Structure formats: structure tokens, C-alpha cells
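Peer 1: For reference, the sequence and a predicted model appear below.
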Amino acid sequence: MLQQKGTSPAALTLFLLLVTGVLSSQAFAQRPGMPIVPKPVDKLAMGEDEVKQLVILIGGDKEGKVSREEFLNFMDAEFARLDKDESGKLDVRPLAQSNSAVIQSGKGSK
């Protein structure tokens, strides 16, 4: 055994785990010439502020609560309003352009 006086088995185990972790992180580190893999986008997290605004817009009941059914009904009505050609599908391109115009016009105002 390679045990020094005063070194506990727990300390030795912790040391081995740390060394193993450092070595494995170096083995998986980005190397020059390797393609960079982008992190997946969390679209739900990106839209969280907008959804909070929608919930405020819906308003809720006397207690200030919005049920799942109320939320889905609101979204269904909004989808129908935006589906101008009644195809059952929304074209993202014009929606993105109109959203861009709103963002551009709101930049200077505070």
C-alpha cells in the first residue's frame, strides 16, 4: 500500500477523483481544427418574458389567476386572428418582419 502516515482513505479517494476529473476534462477540451458544436437554443426560456406579458394581458380571474384552458383559448384565438388566409398555418417571415419593425421603432423611446 502507498499510504502515508496521516493520509486517510477518503482523502486519497478525493484526490484520485480530482485527478481523474482534470484529466478527463482535458481529454474532451476543444482542440484546434475541431468543429465547434453550438449549444442548443432553449426556445422556451427565450420566450419566457413574452409569455409573462401574455398572461398579464389575459388578466385572469378575481384572484389574478389564469387557467391552462384560458391561456390555450387565448392562444387559439390569437392564432386564428393571425391566420389571415385561414390555411391553418402561420407564415413566420411576415410575422418576423413586423416584429422587427416594432423593435426598430421602439429603440429610441424610453
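Peer 2: Done, it's in.

Peer 1: which ones are touching F71?
Peer 2: 54-55, 58 (CB atoms under 8 Å, 6 or more residues apart in numbering). All C-beta spots, glycine's among them, are computed from the backbone N, C-alpha and C.

Peer 1: one more time with 7 Å
Peer 2: Going by CB atoms under 7 Å, 6 or more residues apart in numbering, F71 touches I58.

Peer 1: buried residues in stretch 49-69?
Peer 2: Neighbour-count burial for stretch 49-69 flags V66 (criterion: 16 or more other CB atoms under 10 Å).

Peer 1: what about that stretch, how long is it end to end?
Peer 2: Across stretch 49-69, the terminal residues are separated by 20 Å (CA to CA, to the nearest Å).

Peer 1: and that stretch, average pLDDT?
Peer 2: Averaged across stretch 49-69, pLDDT comes to 90.

Peer 1: Can you tell me what sits against it?
Peer 2: Residues outside stretch 49-69 that contact it (CB under 7 Å, 6+ apart): 70-71, 74.

Peer 1: how about 10 Å then?
Peer 2: 44, 47, 70-71, 73-75, 78 (CB atoms under 10 Å, 6 or more residues apart in numbering).

Peer 1: Distance to P94 added to those, as a markdown table?
Peer 2: Output for the contacts of stretch 49-69, formatted as a markdown table (distance: CB to CB, whole Å):
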| residue | distance to P94 |
| --- | --- |
| L44 | 24 |
| G47 | 19 |
| E70 | 28 |
| F71 | 25 |
| N73 | 25 |
| F74 | 21 |
| M75 | 19 |
| E78 | 15 |
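
Peer 1: Put the buried members of these into a ChimeraX selection.
Peer 2: What follows is the ChimeraX syntax for the buried subset of the contacts of stretch 49-69, where burial is set by 16+ other CB under 10 Å:
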select :74
